[in-house]
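Novice: show me the folded form of this:
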Amino acid sequence: MPETPAPPQGGRLRAIVEALVFAAEEPLMIDDLVDLFPGSDRETLVAALETVAGSCEPEERGVMVQRVAGGYRMTTKPDLGEWVRALFRSRNRRRLSSQALETLAIIAYRQPITTPEIQTIRGIDPSSVLEALLEKKLVRIVGRKKVVGKPFLYGTTSEFLAHFGLNSLQDLPDVSDFEALAGSAGAPTAAAAHELAALGAVAEHGPFEEDNENGGNGEDTSDDEDDENERGDDGDDS
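Specialist: As a prediction, the model looks like this:
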């Protein structure tokens with residue numbers, strides 16, 4: 001039986017871990033490293049990750065290792081955000097529309113929540129926006145509410161945490177911190193305005209942007225922003 005190769009050590013291990021954090025499409029978990037390096041103990045792998053994170057701290061480094069969604073992700077530093085946003089704007093990329101951001105804020109702070117409950121807060125049928133958020137994997141169906149009709153319950157996903165640079169839902173800003181912004185947030189109700197203002201502040205640290213390939217209901221389409229594609233029925237039990 002062939003011998004198991006010795007696990008990498010020292011600088012070699014740190015170099016591999018740095019490459020893995022950079023290349024991972026989703027936040028890299030400690031368990032991922034344990035699976036990749038069965039001969040290394042968990043403490044050694046955690047130490048390697050922390051060393052990689054520490055090496056990115058100097059001001060001359062443009063990236064950082066961030067804890068998000070229970071794992072580690074390499075991202076650009078917040079103070080360089082204006083340059084990163086400029087790059088995305090130059091490539092004609094679009095942010096989430098105000099309708100999508102508003103609906104996402106409501107779900108984030110009120111989950112689990114149903115379509116009728118979201119509609120009560122927004123004052124408009126959110127079905128089309130919900131479909132767009134589901135396609136982007138920012139929200140998911142977490143069950144059905146035990147009431148007449150058993151409507152779907154919606155909650156946020158790990159992709160939501162990753163996109164907004166959060167490690168857990170506990171890292172969401174307190175809505176009370178943004179009450180001053182509520183009056184100008186443009187949401188249908190005060191409650192929705194508070195939530196939109198809070199999530200909007202998070203978005204400034206990690207905007208979700210996507211290719212300008214087609215104008216979905218979740219994108220900012222300027223002239224069409226206030227012309228949301230509404231549906232008159234709720235026949236999908238959502």
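Novice: tell me where the model's unsure across the protein.
Specialist: Applying pLDDT under 70 to the chain flags residues 1-7, 88-95, 175-238.
Novice: any chance you could map the helices in it?
Specialist: Ranges of helices in the chain, per DSSP state H, are 10-23, 30-36, 42-55, 81-90, 98-110, 115-122, 127-135, 158-163, 179-182, 190-203.
Novice: let me know which of those helices is tucked in deepest.
Specialist: Counting by mean count of other C-beta atoms under 10 Å, helix 98-110 has the highest mean neighbour count of the helices of the chain, with a mean of 24. (Each C-beta comes from the backbone N, C-alpha and C, glycine too.)
Novice: quick one, it and helix 115-122 angle?
Specialist: Counting by axes from the mean of the first three to the mean of the last three C-alpha atoms, to 10 degrees, helix 98-110 lies at 110 degrees to helix 115-122.
Novice: can you name every helix or strand that helix 98-110 contacts?
Specialist: Helix 98-110 sits against helix 115-122, helix 127-135, strand 152-156, helix 190-203, with contacts defined as 3 or more C-beta pairs under 8 Å, 6 or more residues apart in numbering; DSSP states H and E.
Novice: rewinding a little: could you dump the helices of the chain into CSV and include distance to Leu172?
Specialist: CSV is the format used below for these (distance: least, C-beta to C-beta, whole Å):
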stretch, distance to Leu172
helix 10-23, 24
helix 30-36, 24
helix 42-55, 23
helix 81-90, 19
helix 98-110, 6
helix 115-122, 17
helix 127-135, 16
helix 158-163, 10
helix 179-182, 15
helix 190-203, 7
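Novice: which stretch among those comes nearest Gly70?
Specialist: helix 158-163 (7.7 Å; C-beta to C-beta).
Novice: now do the closest one: everything it contacts.
Specialist: Contacts to helix 158-163, defined as C-beta atoms under 8 Å, 6 or more residues apart in numbering, come from residues 26-27, 68-70, 73, 104, 108, 136-139, 166-169, 206, 208.
Novice: which among the residues you listed end up buried?
Specialist: Among the contacts of helix 158-163, those buried by neighbour count (16 or more other C-beta atoms under 10 Å) are 27, 68-69, 73, 104, 108, 136, 138-139, 166-167, 206, 208.
Novice: show me which of those residues is closest to Gly11.
Specialist: Comparing those against Gly11 with C-beta to C-beta places Arg73 closest, at 22.2 Å.
Novice: quick one: the nearest residue to that closest one once chain neighbours are set aside from Ile141, how far?
Specialist: Take Arg73 and drop its neighbours on the chain: the residue closest to it by C-beta to C-beta, 6 or more residues apart in numbering is Pro27, 4.6 Å away. When distance is defined by C-beta to C-beta, to the nearest Å, Pro27 is 22 Å away from Ile141.
Novice: again, but for Ala48
Specialist: For Ala48, the distance to Ile141 - C-beta to C-beta - is 38 Å.
Novice: do the same with Val84
Specialist: Val84 sits 32 Å away from Ile141, taking C-beta to C-beta as the criterion.
Novice: before we move on, what about Leu134?
Specialist: Note on Leu134: its distance to Ile141, by C-beta to C-beta, is 8 Å.
Novice: domains of this protein?
Specialist: Domains of the chain are assigned by automatic domain parsing as 10-76, 94-224.
Novice: which parts of stretch 139-159 are buried?
Specialist: Quick answer for stretch 139-159 (16+ other C-beta under 10 Å): Val139, Arg140, Pro151, Phe152, Leu153, Tyr154, Gly155, Thr156, Thr157, Ser158, Glu159.
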